[in-house]
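Enquirer: what's the 3D shape of this:
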Amino acid sequence: MTIHFVREMEHLHRSILSMCSAVEELIHDSVDGLRSGQTELAQELSGRDGEVDEWDIRIEEECLKILALYHPVANDLRRVTVVMKICAELERVADLAVSIAERSAGIAAHGSFPMPERLTEMTREALSMLHDSIDAFVEQNPNAARKVCQRDEHVDQLNRDLIDDVVTVMKQRPELIEPGLHLFSVIRHVERVADHATNIAEDVVYLVEGAIIRHPRLPRRAGSNRLGGAE
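Expert: Next comes the predicted model:
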């Protein structure tokens, strides 16, 4: 490939890392707002989500430009397609950050709800998975990516346990049903952050090894890895 292609790819890499940093900061601030009960945070995060949307559009345009001008193959093609997919996952995480802040404001507006202790563990694990999946992408480390995927079941179990905890409180204290419903949404949004982190990790494995590891119970079809052919 030409020096122009190399420069375009380097610029694309810097762009997706900048987006990663913005999204990580956004979701961390959203979770901090949940803990502190900041009711005004949603509007601020909504404005920052618009900046993430701009990154999303800009990176997609860069990817399409590279595909149109240089027709990359093998590892280069995988890298461009993976950047597009990771970009989409990050944009959705940013949307979740805003939704968590909005639901947190809803909880605060209806009085205090006794926060389940497991929620802290779940949010910490989901944010850690997101960070580690991004690190795996930067380092092109498929082993670290697979470890992220393995942690998703733990978050799923915490999600189930937390729903049971909230239902128990709502049964005991019917006046907390409305904030409890907001908390249901928060829990679901946090669980989705872990799902997006898992998706990013799966994309890292595909980038490095050319292997699609989603839906592992499905039989591997001959020729299904054609996009990631010879290096």
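Enquirer: Let me know the helix or strand that the nearest residue to His28 once chain neighbours are set aside is in.
Expert: The shortest distance from His28 to any non-neighbouring residue, by Cβ to Cβ, 6 or more residues apart in numbering, is to Leu127 (6.4 Å). C-betas here are computed from N, CA, C, even on glycine. Element membership for Leu127, per DSSP states H and E: helix 117-139.
Enquirer: Which strands or helices does the helix or strand that comes right after that helix pack on?
Expert: Downstream of helix 117-139, the next assigned helix or strand under DSSP H and E is helix 142-172. If you count contacts as 3 or more Cβ pairs under 8 Å, 6 or more residues apart in numbering; DSSP states H and E, helix 142-172 packs onto helix 117-139, helix 177-209.
Enquirer: So which of these is nearest Lys65?
Expert: Among the helices and strands packed on helix 142-172, helix 177-209 comes nearest to Lys65, with 19.7 Å by Cβ to Cβ.
Enquirer: what's that closest one packed up against?
Expert: Contacts defined by 3+ Cβ pairs under 8 Å, 6+ apart place helix 177-209 against helix 3-36, helix 74-109, helix 117-139, helix 142-172.
Enquirer: Quick check: buried residues in the first one?
Expert: By neighbour count, and taking 16 or more other Cβ atoms under 10 Å as the criterion, the buried residues in helix 3-36 are 8-9, 12, 15-16, 19-20, 22-24, 26-27, 29-31, 33-34.
Enquirer: tell me the angle of that helix relative to helix 117-139?
Expert: 170 degrees (axes from the mean of the first three to the mean of the last three Cα atoms, to 10 degrees).
Enquirer: and the angle for helix 3-36 with helix 177-209?
Expert: Going by the same axes, to 10 degrees, helix 3-36 makes 160 degrees with helix 177-209.
Enquirer: now Gln38, what's its secondary structure?
Expert: coil (DSSP: H, G, I helix; E, B strand; the rest coil).
Enquirer: still on that earlier bit, gap between the residue nearest to His28 and Met84?
Expert: 24 Å (Cβ to Cβ, to the nearest Å).
Enquirer: Please look at His110 and Pro179 and confirm they touch.
Expert: Yes - the criterion here is Cβ atoms under 8 Å, and His110 meets it with Pro179 at 4.2 Å.
Enquirer: which of these two has more neighbours?
Expert: Using other Cβ atoms under 10 Å, the more surrounded residue of His110 and Pro179 is Pro179, with 22 against 15.
Enquirer: Verify the contact between Met19 and Ile57 for me.
Expert: No - counting by Cβ under 8 Å, Met19 sits too far from Ile57 to count as a contact (10.9 Å).
Enquirer: list residues touching both of these two?
Expert: The contact sets of Met19 and Ile57 do not overlap (Cβ atoms under 8 Å, 6 or more residues apart in numbering).
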